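> here is a sequence with its predicted model. Questions after.
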Amino acid sequence: MRETECEAVCEQVALKAGAVELMQETDTALSIENVRLHDGIDGLRHGLFQNDDYDDKDAESSDDDDNSDYGSHDKPGTSLPRLIQNDDYDDKDAESSDDDDNSDYGSHDKPGTSLPRLIQNGNVPFPDIFQTNQLLFYERFKAYQDYILGDCKTSEVREFIAEYLENVLEPNGWQAIWRTDVFEVLVEVTDVTCSSLKAVVRVVEPFLCESKVCAFTVEAMNSLLEAKDYLVPLQELFVVFEESGEFDQTAMAVEHVRFFYQNIWRCWDEEDEDDFDYFVRSVEPRLRLYYDIVEDRVPSGLVVEYHGVLLQCENKYKEFLSLRNSIAESDLDTESGNVSMVEGLKLYEEIESLKRKLRLIENPLLRYVLGYQAVSRPRAHKVKGFRPEGGTVIHIVSRSLNVSLLQSLMRDKLYPESSKEDLEIQFHSDPLIALNMCYEGDTVVICPGHYSIDGFFSIADSIELEGYGLPDDIVIEKRGRGDTFVDCTGESIKISNLKFVQHDAVEGILCVRQGKTSMENCVFQCETTGVTVRPSAELFMKNCDLYGAKGAGVEIYPGSTCQLIGNGIHHCREGILIKDFIDEMCKIPKITMVNNVIHNNEGYGVTLVKPVNSSEIKEKMPSKCKEAGTSYTNTEERDQLCQETCNKVCVVDVNTQSSSNDSNPSEQIECNTIIINELVATSVRKTQIYRKRLSELGITEANDDLMSDEMFVSIAGNQFKYNGKGSFGIFFL
């Protein structure tokens with residue numbers, strides 16, 4: 001259905017005649033109506049798609065059009081490829097095309113190709129090729145789903161691809177660059193064997209070849225082709241650019257085959273069961289994973305793990321095939337045959353285990369759950385300790401350093417006031433490089449500027465990371481969306497006067513996993529979760545501003561220590577999230593919240609996660625607490641309950657309240673008190689559960705040493721404003 005010349009400009013398209021022609025070539029019933037193509041149709045550059053959006057009524061309306069000429073042009077050349085998927089036209093556009101008498105489906109304002117060209121770089125003047133490797137996800141998705149694989153089973157994949165190629169691939173007359181790991185050579189395709197996915201080629205004149213090892217002559221290349229029966233894999237061919245558009249479909253078809261066997265197909269797929277749709281089970285999840293990795297939507301640690309598991313599985317499968325072939329050729333009754341059988345079964349189990357792990361990562365629903373587990377401890381740096389030669393270093397980070405800035409640094413940061421030893425100073429332009437050069441006790445001073453980093457901060461030693469100026473003047477922005485931004489495991493880390501910016505992230509902006517991290521006068525522009533304090537870790541956060549988290553601004557885990565003083569936490573999904581600590585394996589956290597402003601969050605200002613049965617403690621606790629150390633006087637049981645807890649829980653309420661025109665101070669104080677009461681009640685419940693379990697084990701008296709942890713709850717002066725669900729809420733598991 002390809003016309004090489006057009007005698008005149010046709011004003012209309014006889015869609016019915018065109019549809020009949022198209023059905024004869026592709027065995028696909030295609031009913032379409034007249035569509036007016038807008039100026040600038042060059043954007044429709046991928047022509048392996050079919051328009052299914054037009055109904056029978058639209059097709060019938062074209063029967064009365066006697067002057068149409070499907071696919072005609074003003075000038076010689078091709079229009080768009082024969083199979084076109086156009087999803088951009090809505091019903092309104094379709095209706096408007098009925099009145100357009102000058103529509104010419106598939107025509108261009110300017111005849112020629114709709115695909116861009118890729119200029120070749122190198123020492124050999126190869127011709128340009130079609131650029132087909134920048135397709136979007138939905139373009140490949142529609143091609144594989146609708147026109148290449150459909151609902152085929154695993155055993156039918158090769159057959160479906162061969163049938164697709166027979167319909168769209170030019171059998172001969174096109175040139176391509178045959179590209180291998182060793183050489184590149186310009187060839188011409190004389191025939192195509194679709195069933196084997198190979199093409200018959202010959203070397204063209206003038207001979208153009210570029211080798212990475214040694215020079216190839218025409219005779220050597222012809223000898224190589226003769227040894228291969230002049231057959232080369234289609235996926236190794238890159239179609240030479242042709243402005244007429246005659247080979248657009250061929251270039252796209254080869255690209256789809258190449259991409260499929262490089263990124264989708266696995267060597268063990270052909271042995272999988274045929275009880276499922278191959279596209280649904282394998283193609284779609286692998287295609288989504290490919291684009292998620294390309295767009296940095298998968299944690300880099302998980303990407304490394306996936307490629308590692310994939311390579312390991314491929315090697316195991318090759319080993320399994322080799323062993324299986326040797327078993328087939330040997331006598332199974334021999335001792336060596338029995339040993340080989342056992343080894344084969346062991347290899348098979350290992351391969352199945354690796355395949356299950358790959359499917360977990362490929363599954364778009366399970367990937368993120370697994371991703372969080374995989375990067376829960378990212379590639380953290382090992383503790384270096386003190387510098388072998390002794391001493392500490394001050395690392396200065398600056399894009400450019402002028403005299404006045406250096407003088408200010410000398411005066412404020414570099415002059416050794418209390419040390420007689422000379423300080424060693426190192427200069428860097430990247431804060432990540434400076435951080436990786438640090439040893440125990442070093443200091444990193446970051447000068448004003450905007451720094452973009454590709455990676456994450458892993459701080460394993462006790463160092464100081466400070467900005468020289470105001471936080472808004474010293475911005476550290478994270479490139480890539482896969483990793484935690486700042487990961488702290490050092491014994492004593494100090495961070496101050498910095499602004500951290502995160503975009504489209506998978507992980508949180510800062511995580512304190514162990515040791516103590518102190519942050520003062522910092523700004524955190526979050527994306528997913530904000531600051532996380534893991535069990536046994538300690539966070540001191542003062543005068544910081546945190547916003548934008550799609551999860552909680554601050555997550556406090558059981559067994560951690562968290563001091564929040566004078567911070568602003570706002571425009572997050574939740575302000576502060578206190579994880580459940582009622583289980584006997586979880587230690588009580590130590591929490592301090594003083595003079596924080598928690599406002600404009602989507603959910604609650606503070607959320608406490610508790611198991612369902614912990615709500616029964618409400619019946620045993622008073623509704624209000626007037627002051628610190630309040631005694632419970634409703635019943636004798638409450639007096640005893642609170643007395644038992646007072647030895648373990650120290651409640652401190654500093655009744656200071658910042659003035660606010662937007663809130664009632666008495667309500668703010670009451671809100672702080674309610675949070676204290678709930679935390680105390682949860683702690684009491686934990687004590688009860690613990691003693692009950694000791695009693696079940698035959699221990700009548702609890703050992704005070706086993707419950708020596710205290711929950712220092714200092715919650716006072718906090719302001720809660722304009723939070724979507726309220727100031728304080730409880731989430732029951």
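Nice, thanks for sending it over. Numbers count the residues shown, from 1 in each chain.

> residues touching H599, list them.
Counting by Cβ atoms under 8 Å, 6 or more residues apart in numbering, H599 touches G568, I569, H570, G605, Q719, F720, K721, Y722, N723. C-beta coordinates here come from the backbone N, C-alpha and C atoms, glycine included.

> of those, buried ones?
The neighbour count (16 or more other Cβ atoms under 10 Å) marks G568, I569, H570, G605, Q719, F720, K721, N723 as buried among those.

> so which strand or helix has the closest residue in space to T132 that isn't next to it in sequence?
Leaving aside its chain neighbours, T132 sits nearest to E255 (3.8 Å; criterion: Cβ to Cβ, 6 or more residues apart in numbering). Using DSSP states H and E, the element containing E255 is helix 248-259.

> now the helix or strand that comes right after that helix: average pLDDT?
The helix or strand immediately downstream of helix 248-259 is helix 278, counting by DSSP H and E. Averaging pLDDT along helix 278 yields 92.

> just checking, which helix or strand succeeds helix 278 along the chain?
helix 284-294.

> after that next one, heading C-terminal, what element do we hit next?
Downstream of helix 284-294, the next assigned helix or strand under DSSP H and E is helix 300-329.

> for that following helix, which helices and strands make contact with it?
Applying 3 or more Cβ pairs under 8 Å, 6 or more residues apart in numbering; DSSP states H and E, one finds that helix 300-329 contacts helix 335-362, helix 367-374.

> pLDDT weak spots in the stretch 501-650 of the chain?
Scanning the stretch 501-650 of the chain with the threshold set as pLDDT under 70 gives 505-506, 580-586, 611-650.

> just the strands in it please.
510-512, 516-520, 523-525, 531-533, 538-542, 545-547, 552-556, 561-565, 568-570, 574-578, 590-594, 597-599, 604-610, 649-652 (DSSP state E, counting those that start in this stretch).

> residues in contact with the third one?
Outside of strand 523-525, the residues that reach it under the criterion Cβ under 8 Å, 6+ apart are 471-472, 498-502, 509-510, 530-531, 544-548.

> could you rerun that using 6 Å?
P471, K499, F500, V501, I509, D545, L546, G548 (Cβ atoms under 6 Å, 6 or more residues apart in numbering).

> ranking the helices and strands packed on helix 300-329 by mean pLDDT, which is last?
helix 367-374 has the lowest average pLDDT among the helices and strands packed on helix 300-329, namely a mean of 53.

> please, where are all the helices along the stretch 101-250 of the chain?
Assigned by DSSP state H, counting those that start in this stretch, the helices in the stretch 101-250 of the chain fall at 137-142, 157-168, 218-227, 248-259.

> next, the angle helix 248-259 makes with the second one.
The one in question is helix 157-168. Calculated by axes from the mean of the first three to the mean of the last three Cα atoms, to 10 degrees, helix 157-168 forms an angle of 170 degrees with helix 248-259.

> who does helix 157-168 touch, helix- and strand-wise?
Helices and strands touching helix 157-168, by 3 or more Cβ pairs under 6 Å, 6 or more residues apart in numbering; DSSP states H and E, are helix 248-259.

> which helices and strands does the helix it packs on pack with?
Packing partners of helix 248-259 (3+ Cβ pairs under 6 Å, 6+ apart): helix 157-168, strand 237-239.

> tell me the mean pLDDT for that helix?
Helix 248-259 carries an average pLDDT of 94.

> same check, this time on stretch 408-416
The pLDDT scores in stretch 408-416 average 80.

> can you give the contact residues for it?
With Cβ under 6 Å, 6+ apart as the criterion, stretch 408-416 contacts L423, V445.

> wait, Q235 sits on Y261?
Yes: using Cβ atoms under 6 Å, Q235 is in contact with Y261, at 5.5 Å.

> how about the strands of the stretch 501-650 of the chain in a markdown table, adding distance to L310?
As requested, the strands of the stretch 501-650 of the chain are exported to a markdown table (distance: least, Cβ to Cβ, whole Å):
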| stretch | distance to L310 |
| --- | --- |
| strand 510-512 | 28 |
| strand 516-520 | 36 |
| strand 523-525 | 35 |
| strand 531-533 | 30 |
| strand 538-542 | 38 |
| strand 545-547 | 38 |
| strand 552-556 | 33 |
| strand 561-565 | 40 |
| strand 568-570 | 41 |
| strand 574-578 | 36 |
| strand 590-594 | 44 |
| strand 597-599 | 45 |
| strand 604-610 | 37 |
| strand 649-652 | 52 |
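
> L135: which of these is closest?
Across the strands of the stretch 501-650 of the chain, L135 has its closest neighbour in strand 523-525 (33.3 Å, Cβ to Cβ).

> now do the buried residues in stretch 296-308.
D296, R297, V298, P299, S300, G301, L302, V303, E305, Y306.

> with stretch 187-195 instead?
Neighbour count says stretch 187-195 has V187, E188, V189, V192, C194 buried, by 16+ other Cβ under 10 Å.

> what is the nearest of the contacts of H599 to N363?
Nearest to N363 among the contacts of H599 is I569, at 34.3 Å by Cβ to Cβ.

> quick check: bridge partners of the closest one?
I569 has these beta-bridge partners by DSSP bridges: L546, I598.

> give the contact list for it.
L546, G553, G575, I598.

> doesn't G530 make contact with the second one?
Yes: counting by Cβ under 6 Å, G530 is a contact partner of G553 at 4.2 Å.

> between the two, which contacts overlap?
Common contacts of G553 and G530 (Cβ under 6 Å, 6+ apart): L546.

> which residues are contacting stretch 496-505?
Against stretch 496-505 from outside (Cβ under 6 Å, 6+ apart): 466-467, 471-472, 474-478, 481, 485, 509, 520-528.

> and it, what's buried?
Along stretch 496-505, these residues count as buried under the neighbour rule (16+ other Cβ under 10 Å): S496, N497, L498, K499, F500, V501, Q502, A505.

> about what we covered before: drop anything exposed from the contacts of stretch 496-505.
466-467, 471, 474-476, 478, 481, 485, 509, 520-528.

> hmm, back to that, which one of the buried residues of stretch 496-505 is nearest E226?
A505 (55.5 Å).

> quick one on the thing from earlier: helix 284-294 and the helix holding E255, what's the angle between them?
Relative orientation of helix 248-259 versus helix 284-294 (the same axes, to 10 degrees): 90 degrees.

> before we move on, the earlier item: redo the buried ones among the contacts of H599 as TSV? Include distance to M593.
TSV is the format used below for the buried ones among the contacts of H599 (distance: Cβ to Cβ, whole Å):
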residue	distance to M593
G568	13
I569	10
H570	15
G605	10
Q719	11
F720	11
K721	15
N723	15
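
> for the strands of the stretch 501-650 of the chain, which one sits closest to G390?
Nearest to G390, of all the strands of the stretch 501-650 of the chain, is strand 516-520, at 24.5 Å by Cβ to Cβ.

> relative to strand 538-542, how tilted is that closest one?
Here strand 516-520 points in a direction 10 degrees away from that of strand 538-542 (the same axes, to 10 degrees).

> which residue packs closest to A176, ignoring adjacent ones?
Closest to A176 by Cβ to Cβ, 6+ apart is L237, at 4.0 Å.

> longest strand of the protein?
Criterion DSSP state E: the longest strand present in the chain is strand 183-193.

> hang on, the earlier thing: ok, which pair from the contacts of strand 523-525 is furthest apart?
Greatest spatial distance in the contacts of strand 523-525: P471 and G548, 14.9 Å, computed using Cβ to Cβ.

> coming back round to it: ok, which of the strands of the stretch 501-650 of the chain comes nearest W174?
Closest to W174 of the strands of the stretch 501-650 of the chain, according to Cβ to Cβ: strand 523-525, at 52.1 Å.
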